[in-house]
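Peer 1: below are the sequence and a predicted model; questions follow.
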Number of protein chains: 2
Amino acid sequence: MAAINLEAKLALFSELWSPKIVNSFNGHDVMVVKLKGEFVWHSHPDTDDFFLVLKGNLTIRLRDDDVHLGPGDLYVVPKGVEHCPVARDEVHLLLIEPAGTPNTGDAATAVAKETI
Amino acid sequence: MAAINLEAKLALFSELWSPKIVNSFNGHDVMVVKLKGEFVWHSHPDTDDFFLVLKGNLTIRLRDDDVHLGPGDLYVVPKGVEHCPVARDEVHLLLIEPAGTPNTGDAATAVAKETI
């Protein structure tokens, strides 16, 4: 397998809030995603949530605080912790979650994760 | 917990081949490391090996091929696959491995991983 360039993968799509799988690692999906606007408040009862900002600025709202991330900033939301990602302008992220994790924390409302 | 800036973490040390833990994620250590030169051939029998290049250029030698990575390139060495990282000039990486994984694949020769 060749190296995976994240910027090249991000150039393949424009949809927002739709994580795309670029690789797998120890049973986890490694994904890129574009966000803009405000997501829903949610939590993942069985997994931490890994965010690395590749471009832009992201706020992760927590019930008792806001975390502000810029390019090269990493944050792990611990499992079970309610959070709501918010991006005023478009932001590009690397996400890592166990394969099959619903992006909204709820399979009923989650988007299907396509591999690119 | 605040966001973790990877460049700021990398500015805290200069040792080569000495991964520093910056966070944890689902039982894994999230680490930054500086490499220059050639490592040892090794494999990890129980885990995939996650590499994301933050700065510089890295070659991951495999027994049947070489993988070349530049900034923003991601590669996952599958578990059990022998590999040897080589960097002509200094390269900075984000690494993810299960907590306690020896960097050489062998606890007898592995470096201790400090948290920064």
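Peer 2: Ah, there it is. Residues are numbered from 1 along each chain as shown, chains lettered A, B, ... in the order given.

Peer 1: now do the helices in chain A.
Peer 2: Assigned by DSSP state H, the helices in chain A fall at A:6-10.

Peer 1: near chain B, which residues of it are found?
Peer 2: Chain A comes close to chain B at residues A:1-7, A:22-26, A:28, A:30, A:47-48, A:50, A:52, A:54, A:67-70, A:72-76, A:79, A:94, A:96, A:98, as judged by CB under 8 Å from any CB of the partner chain. Heads up, the C-betas are built off the backbone N, CA and C, glycines and all.

Peer 1: so for the strand ranked longest in chain A, what gets flagged as buried?
Peer 2: As assigned by DSSP state E, the longest strand anywhere in chain A is strand A:83-98. Buried residues in strand A:83-98, counting neighbours by 16 or more other CB atoms under 10 Å in any protein chain shown, are found at A:His83, A:Pro85, A:Val86, A:Ala87, A:Val91, A:His92, A:Leu93, A:Leu94, A:Leu95, A:Ile96, A:Glu97.

Peer 1: as a check, name the ranges of all strands in chain A.
Peer 2: A:4-5, A:20-25, A:28-38, A:49-55, A:58-62, A:65-69, A:73-77, A:83-98, A:114-115.

Peer 1: pLDDT score for the nearest residue to A:Phe50 once chain neighbours are set aside?
Peer 2: Nearest-residue entry for A:Phe50: A:Ile96, 4.0 Å, with adjacent residues in sequence omitted and distances by CB to CB, 6 or more residues apart in numbering or on different chains. pLDDT, A:Ile96: 96.

Peer 1: where's the most centrally placed residue in chain A relative to B:Gly56, distance?
Peer 2: Residue closest to the mean C-alpha point of chain A, counted by CA atoms, centre = their mean, is A:Leu95 at 4.1 Å. To B:Gly56, A:Leu95 is 24 Å away according to CB to CB, to the nearest Å.

Peer 1: go on, A:Asp46?
Peer 2: Applying CB to CB, the value for A:Asp46 to B:Gly56 is 36 Å.

Peer 1: compare neighbour counts for those two and give me the winner.
Peer 2: Neighbours were counted for A:Asp46 and for B:Gly56 using other CB atoms under 10 Å in any protein chain shown; B:Gly56 has more, 18 against 11.

Peer 1: check contacts around the more buried one.
Peer 2: Contacts for B:Gly56 (CB atoms under 8 Å, 6 or more residues apart in numbering or on different chains) come out as B:Gly70, B:Pro71, B:Ala87, B:Asp89, B:Glu90, B:Val91, B:His92.

Peer 1: phi first, then psi, for it.
Peer 2: Dihedral angles of B:Gly56 (phi, psi; degrees, to the nearest 10) stand at phi 90, psi -170.

Peer 1: tell me how many other residues surround A:Val53.
Peer 2: 24.

Peer 1: same check, this time on the one 10 residues further on
Peer 2: Other residues near A:Arg63 number 10, with proximity taken as other CB under 10 Å.

Peer 1: so what's it closest to, chain neighbours aside?
Peer 2: A:Arg63's closest residue in space is A:Glu82 (CB to CB, 6+ apart), at 5.5 Å.

Peer 1: tell me how far the residue nearest to the centre of chain A lies from chain B.
Peer 2: 11 Å (CB to the nearest CB, to the nearest Å).

Peer 1: quick one: contacts for that residue?
Peer 2: Residues near A:Leu95 by CB under 8 Å, 6+ apart: A:Pro19, A:Asp29, A:Val30, A:Met31, A:Val32, A:Val33, A:Asp49, A:Phe50, A:Phe51, A:Leu52.

Peer 1: look up how far B:Phe39 lies from the last one.
Peer 2: A:Leu52 sits 24 Å away from B:Phe39 when distances are taken as CB to CB.
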